[in-house]
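S.K.: Fold the following, please.
(one chain, ligands or ions: 1)
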Amino acid sequence: MAMRIVWSSTRTKWVSLSGLLLLHLAAGQLQDGLLNNGDFETPPAGGFSNLGLGGRGDGPTAIPSWKTNGTVEAVESGQKQGGMILIVPQGRHAVRLGNDAEISQDMKVEKGSLYSITFSAARTCAQLESLNVSVPPASQTIDLQTLYSVQGWDSYAWAFQAQDDVVSLLFRNLGMEDDPTCGPILDDVAVKKLFTPDKPKDNAVLNGDFEEGPWMFRNESLGILLPTNLDEETSSLPGWIVESNRAVRYIDSYHFTVPQGKRAIELLSGKEGIISQMVETTPNKPYRLTFSLGHAGDSCKQPLAVMAFAGDQAQNIHYTPNANATFQTADLNFTAKADRTRVAFYSIYYNTRSDDMSSLCGPVVDDIRVALSGSNRINVIGRLGLGFGWFVFVLVLV
Ligand SMILES: [Ca+2]
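M.R.: Just a heads-up that it's a prediction; the model follows:
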């Protein structure tokens, strides 16, 4: 009798637990990671052969979980076209967007929150190709003309602030090529809800260790390109902006050498790849900018060097290769002139990898700190100590 009661109450618990779980699933709270069929590997009704491979995916339900408009084709790795092998960034399938074609997916999000979209893209023709990513009204067009990696594709991140509880994520090919078989290839679409890290007490830099940023797949080995973004409110890298017309690369410790934690920034394209942040300062106070400068472990051809800016100070700092370390610590002293001081970094050289001679690479920065400079106090104590030593020395002599 007693056992039956226990069993029954356990069952009640299970029932209510699964009920809660169902409610949670029904609410469709967006999870970090791959979107539904974000890798385009879910077979459509009738199989992949009905979609791409010379055919065409018409209609709103042709590609599972996505809506399409215009010519959106499923492409398969190894698929040839005009003597060229199409590039599929991950797995066996991806989609190609024809002239003026678009693909979209609705997402249940939290209104007011910041989200970052990660996706991989490749261009198919030599012509200038670009891919527009939007969550209306926010939109950005990513230029695919510059290939950063020799694999023929790159991953990008783009962030938006949710204006509603349900938003539509759209990828669109704005191009109008003469050859309709041209058009960018899209793969591996993921999302991550971003958090703005707390500002540390002893450091004026927000997210100076770069640990908060866009979604990265564990098996993603190329890093994530962060294209131009001048709005710090909607940055995939909270706190920072990319104020140049070229991208910088967000790298992880699973595939690259990272000075601190799991994430860092690799600066690419010389002064065409600039990250910066406005940090809070007190005018006329002395500050010190310190940061880690290293290599990414990606066979980047030396020399590596950065230009570091803090307020009106600028300094070029070369990375000194050392067999015992993958990074060094550098600093720059400055006196604040205003309530906000700009801190910025770019690579002095245009570096490429020594193994393929064409992938862009560069110096790695991490663990960026701005703090009131203690140098004056240390000097005073140092002098006092030295003075005291002399005093004792004199006493002993006497
Ligand atoms: Ca880090």
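S.K.: Tell me how many other residues crowd residue 109.
M.R.: Under the neighbour criterion other Cβ atoms under 10 Å, residue 109 is assigned a count of 24. In short, each C-beta sits where N, CA and C put it, glycine included.
S.K.: how close does it get to residue 139?
M.R.: The span separating residue 109 from residue 139 equals 17 Å under the rule Cβ to Cβ, to the nearest Å.
S.K.: now do residue 178
M.R.: Taken as Cβ to Cβ, the spacing of residue 178 relative to residue 139 amounts to 25 Å.
S.K.: Dihedrals phi and psi, the residue in the stretch 101-250 of the chain that the ion sits nearest to?
M.R.: The stretch 101-250 of the chain approaches the ion most closely through residue 209 (4.1 Å), counting by Cβ to the ion. Dihedral angles of residue 209 (phi, psi; degrees, to the nearest 10) stand at phi -100, psi 0.
S.K.: likewise residue 272?
M.R.: According to degrees, to the nearest 10, the main-chain angles of residue 272 amount to phi -90, psi 0.
S.K.: Please point out which parts of stretch 164-171 sit buried.
M.R.: Neighbour-count burial for stretch 164-171 flags 167, 169, 170, 171 (criterion: 16 or more other Cβ atoms under 10 Å).
S.K.: State the mean pLDDT of that stretch.
M.R.: When the per-residue pLDDT values of stretch 164-171 are averaged, the result is 97.
S.K.: got the CA positions of that stretch in CSV?
M.R.: Taking only C-alpha atoms (Å, rounded to 0.1, in the frame of the first residue of the first chain), the coordinates of stretch 164-171 have been written out as CSV:
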residue,chain,number,x,y,z
ASP,A,164,9.9,41.9,-31.1
ASP,A,165,9.3,38.5,-29.6
VAL,A,166,9.4,36.8,-33.0
VAL,A,167,11.8,38.1,-35.6
SER,A,168,12.7,37.0,-39.1
LEU,A,169,16.2,36.3,-40.0
LEU,A,170,16.8,36.8,-43.8
PHE,A,171,19.8,36.2,-46.0
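S.K.: on that earlier part again, want to try TSV for the buried residues of stretch 164-171, with distance to the ion and secondary structure as columns?
M.R.: As requested, the buried residues of stretch 164-171 are arranged in TSV below (distance: Cβ to the ion, whole Å; DSSP: H, G, I helix; E, B strand; the rest coil):
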residue	distance to the ion	secondary structure
167	30	strand
169	28	strand
170	32	strand
171	30	strand
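S.K.: Turn these into a markdown table, columns for distance to residue 366.
M.R.: As requested, the buried residues of stretch 164-171 are exported to a markdown table (distance: Cβ to Cβ, whole Å):
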| residue | distance to residue 366 |
| --- | --- |
| 167 | 33 |
| 169 | 30 |
| 170 | 34 |
| 171 | 31 |
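S.K.: show me what contacts residue 167?
M.R.: Contacts of residue 167 were listed using Cβ atoms under 8 Å, 6 or more residues apart in numbering, and they are 106, 107, 109, 135, 136, 160.
S.K.: Give me the ChimeraX select line for the residues you listed, limited to the buried ones.
M.R.: In ChimeraX, the members of these classed as buried (16+ other Cβ under 10 Å) are selected with the following command:
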select :107,109,135,160
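S.K.: Compute the number of surrounding residues for the closest residue to the ion within the stretch 201-350 of the chain.
M.R.: Checking the stretch 201-350 of the chain residue by residue against the ion with Cβ to the ion singles out residue 261 as nearest, at 3.6 Å. Using other Cβ under 10 Å as the criterion, residue 261 is surrounded by 13 other residues.
S.K.: got it, and residue 342?
M.R.: 14.
S.K.: Okay, residue 159 and residue 213: tell me how far apart.
M.R.: 10 Å.
S.K.: Can you tell me which of the contacts of residue 167 end up in strands?
M.R.: Secondary structure assignment (DSSP state E) places 106, 107, 135, 160 from the contacts of residue 167 within strands.
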